[in-house]
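>>> structural data only, the sequence is not supplied:
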């Protein structure tokens, strides 16, 4: 389940990257990328400019990016228009509850209503806030910890590397979702604790990715050259290593936002996540369990919301990987 | 070979200690006084409370298990290191604590549940092996074809989909909408108790939960298979095999597949370990009476010893299985046996 997904994501990614590098001189190279390379021999010469030119060619990634921008806008502005159109996402008067309970989808309630008469669509709209906030904040925490750990391990090596990597092994030995559950059992459920737990426990995968990225950059001659010229450690890390490893961080962070959103939905589904009545997609799916036969619309729409959002982050991450891949660009 | 096994077991020890330290730390910072949690709403008589504190190793005791007092007549709190010692000793004796609600040992609760989890995992792993490896092979051999796009697309969707939602969709479609065709055998009725044992005799009950449990890992297995096979097919010895006139079927089956399979089988082996750890989400959706569902039930009852005991049990099982997978790999693949020497 979610347990191994981060590790295997990294595995698949590394394999695909290796395969692509192997193919680079063969006839079997990705025709898309060859085409792009020819097309864009022109204007932009910076890493990000080139990346943007490549990304523009990837229709799936652009659709995914548009969807993400759209839900971010929805999450930011929903207070201004959603309740006026569809009613309160949290509570409606008891007189209305009887009238509105478990209504099937209609023009007035496009995705139907739940047991308490609340509109499913407006709850999904408000659910974007929880999902995006948990996804982004948890990723920020795990990336920050992972970067520091990965950089320390790769750059200084030796015993520090060994200790950090053994620590990462210990964290990865836990089935991920159960680890988060155990942590939440200790610190208690709730929005803040959910993103903290997901974030704190997510660092080992990103530390590994960053560590191997640094190690591969470090082997380049220009690092030895910089060192021979007398550059300090900090200068080498900041000026030479980080810019070259940043592509893999951006890609991995994008994908792990999707992973964190999935984990949050699973936690809310089993009642360890965001506490009601704050609407969350996973919790809405759980609400729908009891009415699967009579009112399947309660669980259908939030599931599609999770699927489309997580898929968008994955596809955008894939697109960024292809667009930013330094190795591919050199080949 | 023996050297490799010993080395692998030696590596296992620090991980095991690290994992138990984390679990111990988590168990011991569960909010509030553990004794108050055991007592619940009732207030305890001072003697009973003292006994409980002594029995839970919270205070120092003498040989007879009686509390030791300092000169002021106060109890002496046990040190954290000693508490960890007791925790490890209990753990190695199979003592995972006692349920707050049911007042029975946690291990007894899980003992009855394990067979269900194992059977479900076995069915799921068969699905994963057949569908995952098959789809990955087709996708790699017929690269950029319709089938390749289909496999790539559906694995992306499966990975982005919450597995519990997939389980509910399957229930909705096969259990409820197609009830007439499937005879209702696929529909798991909602029952808070987790279903009576006799309800789970029929093989049909295994299908939907097993598909749900296998879904994400099958997608990953297919992807790893695809990229591995593509990588292998690019190797020089494959070109040689084709050049000497073997047909492509022979090349793929005899030469490429053997090498490409190794990482996939490793992944599936480790994945079997995590499936045995009880798929909490799948079991919850289907009210499957395994350990995952028991952990979920304990969460909803706020029965923390059962939650922590369950997590501990599962983590130990996962650790031991990954150790076994690694060691059996050394038997199968000489590169692992000898390759490690180069690294160190």
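Looks like it arrived, so ask away. Since the structure is predicted, the reported quantities are computational estimates derived from the model, not experimental observations. Numbering: from 1, shown residues only, chains lettered A, B, ... in the order given.

>>> for the rest of this, base every contact and every neighbour count on C-alpha atoms.
Fine.

>>> packing partners for whichever strand or helix holds residue A:262?
Per DSSP states H and E: residue A:262 is located in helix A:242-269. Here helix A:242-269 touches helix A:120-156, helix A:191-201, helix A:203-218, helix A:281-289, helix A:297-324, going by 3 or more Cα pairs under 8 Å, 6 or more residues apart in numbering or on different chains; DSSP states H and E.

>>> so which of these gets nearest residue B:313?
Smallest distance to residue B:313 across the helices and strands packed on helix A:242-269 (Cα to Cα): 19.4 Å, for helix A:191-201.

>>> and the contacts of the closest one?
Residues outside helix A:191-201 that contact it (Cα atoms under 8 Å, 6 or more residues apart in numbering or on different chains): A:130, A:134-135, A:137-142, A:145, A:171, A:176, A:179-180, A:183-184, A:187, A:260, A:263-264, A:273-275.

>>> can you count the residues close to the closest residue to residue A:166 other than its chain neighbours?
The shortest distance from residue A:166 to any non-neighbouring residue, by Cα to Cα, 6 or more residues apart in numbering or on different chains, is to residue B:15 (7.3 Å). Other residues near residue B:15 number 20, with proximity taken as other Cα atoms under 10 Å in any protein chain shown.

>>> and if you look at the one 4 residues further on?
By the other Cα under 10 Å criterion, the neighbourhood of residue B:19 contains 23 residues.

>>> for it, which non-adjacent residue is spatially closest?
The shortest distance from residue B:19 to any non-neighbouring residue, by Cα to Cα, 6+ apart, is to residue A:170 (5.9 Å).

>>> how about the one you found, what does it touch?
Counting by Cα under 8 Å, 6+ apart, residue A:170 has contacts B:15-16, B:18-19.

>>> still on that earlier bit, now the contacts of helix A:191-201: which count as buried?
Those of the contacts of helix A:191-201 that meet the buried threshold are A:130, A:134-135, A:137-142, A:145, A:171, A:176, A:179-180, A:183-184, A:187, A:260, A:263-264, A:273-274, by 16 or more other Cα atoms under 10 Å in any protein chain shown.

>>> neighbours around the residue of the stretch 201-344 of chain B found nearest chain A, how many?
Using Cα to the nearest Cα, residue B:231 is the residue of the stretch 201-344 of chain B that sits closest to chain A, at 5.1 Å. For residue B:231, the neighbour count with other Cα under 10 Å is 21.

>>> equivalent analysis for residue B:149, please.
Residue B:149 is flanked by 14 other residues according to other Cα under 10 Å.

>>> repeat for the one 3 residues further on
Residue B:152 is flanked by 19 other residues according to other Cα under 10 Å.

>>> element containing it, please.
Using DSSP H and E, the element containing residue B:152 is helix B:146-160.

>>> contacts for that helix, please.
Under Cα under 8 Å, 6+ apart, the answer for helix B:146-160 is A:258, A:262, A:306-308, A:310-311, A:314, B:135-136, B:138-140, B:142, B:215-216, B:219-220, B:222-223.

>>> thinking again about what came up before, now do the buried residues in the helix holding residue A:262.
Buried residues in helix A:242-269 (16+ other Cα under 10 Å): A:242, A:244-245, A:247-269.

>>> show me what contacts residue A:52?
Residues in contact with residue A:52, defined by Cα under 8 Å, 6+ apart, are residue A:323.

>>> let's go with 6 Å and repeat that
Residue A:52 makes no contacts at all, as judged by Cα atoms under 6 Å, 6 or more residues apart in numbering or on different chains.

>>> quick one: distance of the host helix or strand of it to the chain centre.
Per DSSP H and E, residue A:52 falls inside helix A:47-57. Remark: helix A:47-57 is offset 21 Å from the chain centroid, using Cα atoms, centre = their mean, to the nearest Å.

>>> what residues of it count as buried?
Residues A:47, A:50-51, A:53-55, A:57 are the ones in helix A:47-57 that count as buried (16+ other Cα under 10 Å).
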